[in-house]
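Asks: Give the three-dimensional model of this entry:
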Amino acid sequence: MSPTTLPAGPEHGHVTFLGAGPGDPGLLTLRAVEALANADVLVAEHDVLDVVRRHARQGVALVHTDADPSSDPAPGTGTPKLAVVDGTSKTAAVPGERDAAHLVMEAARGGRRVVRAVPGDPGLDTYAAEEMLACAAEGVPFEVVPGIAAAVGVPAYAGVPLRDAEGTDVRFVDARTATERCWAEVGASDGTAVVSTTLDAVAAAAGELVSAGRKPDTPLSVTVAGTTTRQRTWTATLGTIAQTLKQAKVLPSPQGGRPVIAVVGERSAPARRNQLAWFESKPLFGWKVLVPRTKEQAASLSDQLRSYGAVPHEVPTIAVEPPRTPQQMERAVKGLVTGRYEWIAFTSVNAVKAVREKFEEYGLDARAFAGIKVAAVGEQTAQALVAFGVKPDLVPSGEQSAAGLLEDWPPYDPVFDPIDRVFLPRADIATETLVAGLIELGWEVDDVTAYRTVRASPPPAETREAIKGGGFDAVLFTSSSTVRNLVGIAGKPHNVTVIACIGPATAKTAEEHGLRVDVMAPEPSVLRLAEALADFGAKRRATAIEAGDPVTRPSERRPGSRRRRSTT
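Replies: Got it, this is the predicted structure:
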């Protein structure tokens with residue numbers, strides 16, 4: 001594809017002006033997701049690129065304003081670039097004078113379905129309005145998909161409701177374009193004012209309101225990076241906000257400052273906000289958490305961590321490869337079909353994947369399990385089986401481990417069990433606990449290496465430095481091999497990093513590597529491990545608040561000496 005060529009389409013194009021919201025990807029509407037999935041061309045502001053591109057289909061042409069976000073460029077400006085979202089194509093530059101509006105119209109004239117994504121809501125974006133007028137003038141059909149405006153969404157995430165039963169007047173002001181008359185009208189009101197400004201200009205906006213008649217002791221809240229895990233809110237008054245930001249060491253920005261939302265009025269009083277700040281009070285809010293697992297296994301754990309306010313960073317430490325000698329696995333799979341086994345036991349998601357791939361190689365599907373009892377070591381493995389079309393007959397009722405599975409496994413009974421053999425597909429480094437237990441229960445076991453686990457490649461240099469230098473707030477270890485492999489490929493986590501382990505064996509390995517274990521799951525489950533870390537974060541937050549200390553993340557603390565491993 002040449003740098004300026006957009007994909008062909010039907011004769012009549014269509015443009016969707018889409019509001020991407022204030023920053024949280026979860027605030028996209030269902031209609032927005034649908035429009036993105038059907039787009040031929042996606043034109044997006046740099047600020048919302050990561051929010052919208054994850055919903056675009058493979059092969060969509062992506063045009064974005066490739067500007068430095070710290071320079072706070074006006075929407076619709078910058079140097080547009082064209083890329084194809086397939087994970088491999090290189091970005092190709094488009095001549096700079098061809099702004100977003102020009103590219104939108106060119107694509108629409110060519111018959112493409114164009115999505116024009118802007119921050120917040122299109123109805124509040126001046127450049128989007130101009131592009132809509134251009135579409136109307138040329139007869140290009142278009143639609144508008146509203147988004148949550150920052151002036152509404154950010155206060156909600158900051159715990160500052162704009163109205164209550166008293167029906168207080170609410171006024172919205174863009175400080176960057178506000179006139180003297182506008183300030184005078186807002187200053188003369190005693191209602192709530194929502195001011196869109198920049199961090200560097202907050203004090204000046206507060207001064208404008210005081211000059212226009214607002215009392216200097218009027219409460220004020222200022223939120224930066226609203227609705228994202230980088231969100232931070234300061235509360236003060238119109239008269240003290242400059243000093244508050246100075247004490248917080250909020251330094252001036254040479255590019256004009258980051259966009260912020262300031263709420264002026266009694267709704268933003270500190271005592272009230274502290275009760276309603278639901279987002280920033282999440283137990284792991286803003287914590288950067290290292291998840292050292294295979295990418296497939298990390299997905300559900302990362303989603304759970306995000307629900308606690310954390311920022312998961314997935315670093316694969318284990319790569320899964322086929323066994324060196326596949327013949328044993330091939331014979332076992334054929335034995336499934338010919339009735340050699342009474343049971344098949346899956347001890348991991350990877351074991352399910354290995355058997356499924358072998359089935360597909362032979363043209364088999366889930367029907368090959370007919371007449372065979374299926375066991376899964378835990379809920380995640382059971383879910384992988386269900387996705388394969390197989391509902392397991394046995395899942396541990398207690399501990400989700402090999403020991404837990406043995407607790408519920410029935411002994412071999414020659415009267416009720418016509419076959420005495422169990423197929424156990426597993427990793428090459430698995431322990432012998434399950435095999436020994438099944439033999440003790442009277443079963444014959446075909447212990448088959450279904451896959452090999454090998455150490456993954458080292459992560460990028462910046463990730464390795466963050467691990468060793470204390471850039472992560474916590475790391476979750478889900479097995480002894482993840483401990484050994486992470487230390488092997490990236491180095492030992494810094495002493496300020498919270499170490500969380502899935503069970504005693506993993507904790508022992510971590511301690512053997514000189515790490516102090518701060519959190520251990522009450523049972524060997526990734527779900528319970530994430531819950532345990534969230535509980536740790538909540539207690540840590542509560543302790544700081546009770547002591548009157550600021551709530552900080554572990555990575556924000558730099559003790560003078562390294563922690564010693566706990567001996568208790």
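
Asks: okay, how far is it across stretch 405-418, tip to tip?
Replies: This stretch, stretch 405-418, spans 22 Å end to end (C-alpha to C-alpha, to the nearest Å).

Asks: One more: stretch 366-375?
Replies: One end of stretch 366-375 sits 14 Å from the other (C-alpha to C-alpha).

Asks: Next, the buried residues of it.
Replies: 369, 372, 373, 374, 375 (16 or more other C-beta atoms under 10 Å). Just so you know, the C-beta spots here come from the backbone N, C-alpha and C atoms, and that holds for glycine as well.

Asks: Now do the contacts for the first one.
Replies: Applying C-beta atoms under 8 Å, 6 or more residues apart in numbering, one finds that residue 369 lies in contact with 336, 344, 390.

Asks: closest to residue 120 among those?
Replies: Nearest to residue 120 among these, counting by C-beta to C-beta, is residue 390 at 46.1 Å.

Asks: Any figure for the gap between that closest one and residue 373?
Replies: 11 Å (C-beta to C-beta, to the nearest Å).

Asks: again, but for residue 285
Replies: Noted for residue 285: a distance of 45 Å to residue 373, by C-beta to C-beta.

Asks: Likewise for residue 361?
Replies: The value you get for residue 361 to residue 373, if C-beta to C-beta is used, is 24 Å.

Asks: about what we covered before: from the buried residues of stretch 366-375, which ones fall inside strands?
Replies: Per DSSP state E, strands hold the following members of these: 373, 374, 375.

Asks: May I see these organised as CSV, with distance to residue 220 and pLDDT added?
Replies: Output for those, formatted as CSV (distance: C-beta to C-beta, whole Å; pLDDT from 0 to 100):
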residue, distance to residue 220, pLDDT
373, 66, 94
374, 61, 95
375, 60, 94
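
Asks: now, among those, which is nearest to residue 30?
Replies: residue 374 (36.4 Å).

Asks: Identify the residues contacting the residue nearest to residue 496 when sequence neighbours are not counted.
Replies: Ranked by C-beta to C-beta, 6 or more residues apart in numbering and with sequence neighbours excluded, the top spatial neighbour of residue 496 is residue 470, at 4.6 Å. Residue 470 is in contact with 494, 495, 496, 497, 555, 558, counting by C-beta under 8 Å, 6+ apart.

Asks: Near residue 331, how many other residues are there?
Replies: 12 (other C-beta atoms under 10 Å).

Asks: Convert the C-alpha atoms of the helix or strand encompassing it to CSV, please.
Replies: Here residue 331, judged by DSSP states H and E, is contained in helix 327-338. The C-alpha trace of helix 327-338 is given here as CSV (Å, rounded to 0.1, in the frame of the first residue of the first chain):
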residue,chain,number,x,y,z
GLN,A,327,5.1,-40.7,19.3
GLN,A,328,4.0,-41.3,22.9
MET,A,329,1.3,-38.5,22.6
GLU,A,330,0.1,-39.8,19.3
ARG,A,331,-0.3,-43.4,20.7
ALA,A,332,-2.3,-42.0,23.7
VAL,A,333,-4.6,-39.9,21.5
LYS,A,334,-5.3,-43.0,19.3
GLY,A,335,-6.0,-44.9,22.5
LEU,A,336,-8.7,-42.4,23.5
VAL,A,337,-10.5,-43.3,20.3
THR,A,338,-10.1,-47.1,20.6
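
Asks: which other helices and strands contact it?
Replies: Applying 3 or more C-beta pairs under 8 Å, 6 or more residues apart in numbering; DSSP states H and E, one finds that helix 327-338 contacts helix 349-361, strand 421-427, strand 444-455.

Asks: now the angle from the first one to helix 327-338?
Replies: Looking back up the chat, that one is helix 349-361. Between helix 349-361 and helix 327-338, the angle comes out at 70 degrees (axes from the mean of the first three to the mean of the last three C-alpha atoms, to 10 degrees).

Asks: Report the mean confidence score over helix 349-361.
Replies: Average pLDDT, helix 349-361: 91.

Asks: Show me what that helix is packed against.
Replies: helix 295-307, helix 327-338, strand 343-346, helix 379-388, strand 421-427, strand 444-455.

Asks: what's in contact with the fifth one?
Replies: Okay, so that is strand 421-427. 329, 332, 335-336, 340-348, 350-351, 354-355, 434-435, 438, 443-453.

Asks: By residue count, tell me the biggest helix in this protein.
Replies: Longest helix in the chain, counting residues (DSSP state H): helix 526-546.

Asks: Show me which positions of that helix end up buried.
Replies: Those would be 526-534, 536-537, 540-541, for helix 526-546 by 16+ other C-beta under 10 Å.

Asks: rewinding a little: list just the nearest of the contacts of residue 369 to residue 230.
Replies: For the contacts of residue 369, the nearest to residue 230 is residue 390 (42.5 Å; C-beta to C-beta).

Asks: got the contact list for residue 379?
Replies: By C-beta under 8 Å, 6+ apart, the contact set of residue 379 is 395, 400, 525, 527.

Asks: what are the phi and psi values for the spatially closest residue to the second one that is not a sequence neighbour?
Replies: Pointing back at residue 400 there. Computed as C-beta to C-beta, 6+ apart, the closest residue to residue 400 that is not its neighbour in sequence is residue 378, at 3.4 Å. With angles defined as degrees, to the nearest 10, residue 378 sits at phi -170, psi -180.
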